[in-house]
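Colleague: test case, fold it:
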Amino acid sequence: MSFDSSGQDHAYTIIKTLHRSRLFVVYLAKHFISQEYVVLKTIDSQFASDPRLNERLENEMRLGTKLNCPHVRKTRGMFSEGGKNYVVYDYIEGKSLSELLENVSISLATDMVLQWLDGILDGIITAHYLGITHGNLNPSNIIISQDGKPYIIGFGKPVQDWMNEDPNQTGIQALMFAAPEVFLGGKPDPAADIYSIGVLAYLILCGKLPWAVDHRHSIHTQKQESLLKPVLDPEFIGRNVPRWLYSVIHKCLRIDPQRRFLSVAELKEALSAKQEIRIEPIQTDTPSADIPETKPAPQTEVPITDIKPEPVPEPKHEPEPVPEPEPYKPEPEPEPEPYKPEPEPVPQPMPREDTPATAEPTGKQPAETFGYDKKHSPHSGIRRWGLIMGLAILFIIVFSIFKYTVFSGPKRVKSDIKPQQQEEVHTKYIPNQPIKMVFVKGDSIMIGSTRRGAEDNESPLLGVRVPSFWISPYEITNLQWNMVYPDHNYDKDDEQLPVTDISFLDVLEYCNEKSIMEDLMPCYDFLGGAYVCNFSANGYRLPTEAEWEYAAKGHNKNDYFTYSGSDDPDRVGWHKDNSDGYLQPVGQKEPNELGLYDMSGNAYEWVWNWYGKYSGQAKPYEGPRSGTDRVIRGGSSTHDVSKMRVTSRSHAKQFTNNPFLGFRLVRNGE
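Modeller: Numbers count the residues shown, from 1 in each chain. Below you'll find the model as predicted:
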């Protein structure tokens, strides 16, 4: 028991630990006399005597007691016990915004988001009026109470508190919410809080950060990339955000602080007015050269994901770097480039017949443009003679090639580097082939499980009518992905591994492109701000959750194995205990009754459905009409065997790309 300066009794019972960082611990506690719940924050025992940390704790307490706002968590004071200082806060029964964004059962309507933003802005306006800048606004510092009111916490933390975060943690980290000027070493001000509010608003509405960054890079590299990337239009990622609201958020996210709103009060007025603001490219704010290449602290590179995988063993050997492929050489043998006395534009070789129609342009100039340049050049006479000489030389070279190669039969001599070039072409440009399929006869089935070991999201059982369909016996491989996307890079030895690190949206594009290449009707379209599936089309698509489970069970409705094809997980699947955490080539384990491989283990698989409870689904076959996450099925080589069960359900944000997440394809069978 101890007393603060006012003499108030501070006797608390610690209930549980709410949060632990590298430096601080936050507890839920109950007052011994009043039985009132409070939050206690103190320094970790090993740093309890550090004067700088104690000064920081006192600073947080002083700033907190100044703020008297309905949307800022109340700070009650500070006391000492056992040589440690404790700050006392009100306890708000609810969840942090970061927790809510992971909860897929909550659908965040635009009106609800605007109510939250209005409360957050009220709290920040009060703080700015008192000369207090937050500087660390992120989902972990926003608590949503049980009655739906937002409360801001975290005032008084150091400017770069994000440096104390664990770089290996999953989820969206606080650094991505820091204003560019703060990240680059400046001090936070009201404009910095406006930027953080913009990132928060976009995340809540769209379920992802505003930029397309490479999540395989370190968090610092991702932050640097975000300063050079445009803000993603919500329409392009399937989010129905009002245009006026997107334009307001876009203005908050300007790189130049002077181009944001002049104050949080002005931002609040813009949200109230609901009028669209002219959107200008963010890249016009700050040239790329102005952004330094060095960052405050190096971090370990980890993917950001909403799935929380179990630990993956470190690779036993450092993989050898994959050499960059040689430029594409058309068949037959390439002709030597003619001599050019002037820098005359020369048409590039035509692409191969098996190159997909969606391949990137080769950069070849149109014939009309080529002729126009020669005709109007002041040196057209010289260039004309140069072209004639070049054509003459080209004729001699071509004649020599035909003489000593085509007409000399198999005895022609090849360059030492020619076999290597041919191998690169072989591994890079893969002729398109249809995906092999296994037929599954339709039936009325029940999906889910009430067996021992089943999780809550597997019940109640759901009755579904599944039409007949075709399904690929293997997970789609790197080789098959390469048929559609020739610039997909992978090691030659990995061509039969499941393709991973691809998002749900990437898969939809693949399905459509693959269908077009085979003269099939694409299944997916973007309508009304969301992706829709035409289930009557004959093209490739993802299986629905019902189709996937029905096929994994071997189309047995009741008498099915725990895993796809066996009750022994090692016979049919790769999991963390038999794979060393690595993906394996497809088809190495035993198939199930339908001849399908790796339905349990190896790579998790995307399916079409939004994730949600089985109960209350209006269209069980197609799944819920909306959601925040997509269903993934089957477990993986980095997960426990329990995730391999044929009824086990997991989920991920549709923009997620992970090294253990792939897919297989289906087509209509009727």
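
Colleague: name the element Leu40 belongs to?
Modeller: Leu40 belongs to strand 37-43 when assigned by DSSP states H and E.

Colleague: give the contact list for Pro569.
Modeller: Thr562, Tyr563, His575, Ser600, Gly601, Val641, Met644 (C-beta atoms under 8 Å, 6 or more residues apart in numbering). The C-beta positions use only the backbone N, C-alpha and C, and glycine is treated the same way.

Colleague: restricted to buried residues, select these in PyMOL.
Modeller: The buried subset of the contacts of Pro569, as determined by 16 or more other C-beta atoms under 10 Å, is captured in PyMOL by this line:
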select buried, resi 562+563+575+600+601+641+644
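
Colleague: restricted to helices, list the contacts of Pro569.
Modeller: Counting by DSSP state H, the contacts of Pro569 place none of their members in helices.

Colleague: in strands only, show me the contacts of Pro569.
Modeller: Using DSSP state E, no member of the contacts of Pro569 falls in strands.

Colleague: adding distance to Leu253, write the contacts of Pro569 out as JSON lines.
Modeller: Shown next, in JSON lines, are the contacts of Pro569 (distance: C-beta to C-beta, whole Å):
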{"residue": "Thr562", "distance to Leu253": "48"}
{"residue": "Tyr563", "distance to Leu253": "46"}
{"residue": "His575", "distance to Leu253": "42"}
{"residue": "Ser600", "distance to Leu253": "43"}
{"residue": "Gly601", "distance to Leu253": "41"}
{"residue": "Val641", "distance to Leu253": "44"}
{"residue": "Met644", "distance to Leu253": "42"}
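
Colleague: pick the one among the contacts of Pro569 closest to Cys533.
Modeller: Distance from Cys533 was checked for each of the contacts of Pro569 by C-beta to C-beta. The minimum falls on Ser600, at 25.4 Å.

Colleague: where does the stretch 101-250 of the chain have low pLDDT?
Modeller: 103-107, 159-171 (pLDDT under 70).

Colleague: and if we set it to 90?
Modeller: The stretch 101-250 of the chain contains residues with pLDDT under 90 at 101-112, 135-136, 140, 146-148, 154-175, 182-188, 206-208, 212-230, 232-240.

Colleague: where exactly do the strands run in it?
Modeller: Under the criterion DSSP state E, counting those that start in this stretch, strands of the stretch 101-250 of the chain are mapped to 142-145, 150-152.

Colleague: could I get the buried residue list for stretch 430-437?
Modeller: So stretch 430-437, judged by 16+ other C-beta under 10 Å, has buried residues Ile430, Ile435, Met437.

Colleague: cool, and stretch 71-88?
Modeller: Using 16+ other C-beta under 10 Å as the test for burial, stretch 71-88 gives 71-79, 84-88.

Colleague: of those, which is the nearest to His134?
Modeller: Comparing the buried residues of stretch 71-88 against His134 with C-beta to C-beta picks out Val72 as the nearest, at 9.6 Å.

Colleague: rewinding a little: redo the buried residues of stretch 430-437 as JSON lines? Include pLDDT and distance to Leu121.
Modeller: Shown next, in JSON lines, are these (pLDDT from 0 to 100; distance: C-beta to C-beta, whole Å):
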{"residue": "Ile430", "pLDDT": "79", "distance to Leu121": "53"}
{"residue": "Ile435", "pLDDT": "93", "distance to Leu121": "51"}
{"residue": "Met437", "pLDDT": "95", "distance to Leu121": "54"}
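
Colleague: quick one: which of those residues sit in helices?
Modeller: Assigned to helices by DSSP H, none of these qualify.

Colleague: any idea which of these is the one closest to Asp506?
Modeller: When the buried residues of stretch 430-437 are ranked by distance to Asp506 (C-beta to C-beta), Ile435 comes first, at 16.6 Å.

Colleague: with adjacent residues omitted, what lies nearest to that closest one?
Modeller: Closest residue in space to Ile435, ignoring its immediate chain neighbours: Ser472 at 5.2 Å, by C-beta to C-beta, 6 or more residues apart in numbering.

Colleague: what of Ser564?
Modeller: Nearest-residue entry for Ser564: Met599, 3.6 Å, with adjacent residues in sequence omitted and distances by C-beta to C-beta, 6+ apart.

Colleague: residues contacting that neighbour?
Modeller: When contacts are counted by C-beta under 8 Å, 6+ apart, Met599 touches Trp548, Ala551, Ala552, Ser564, Gly565, Val572, Gly573, Asn592, Gly634, Val646.

Colleague: ditto for Met437
Modeller: Trp470, Ile471, Ser472, Pro473, Val666, Arg667.

Colleague: okay, and which of those map to strands?
Modeller: Trp470, Ile471, Val666, Arg667.

Colleague: count the residues that sit near the first one.
Modeller: Think Trp470. Other residues near Trp470 come to 16 when the count uses other C-beta atoms under 10 Å.

Colleague: helix, strand or coil for Trp608?
Modeller: Three-state assignment for Trp608 (DSSP: H, G, I helix; E, B strand; the rest coil): strand.

Colleague: I'd say it and Arg541 touch.
Modeller: Yes: using C-beta atoms under 8 Å, Trp608 is in contact with Arg541, at 7.0 Å.

Colleague: what touches both of those two?
Modeller: Contacts common to Trp608 and Arg541, judged by C-beta under 8 Å, 6+ apart, are Cys533.
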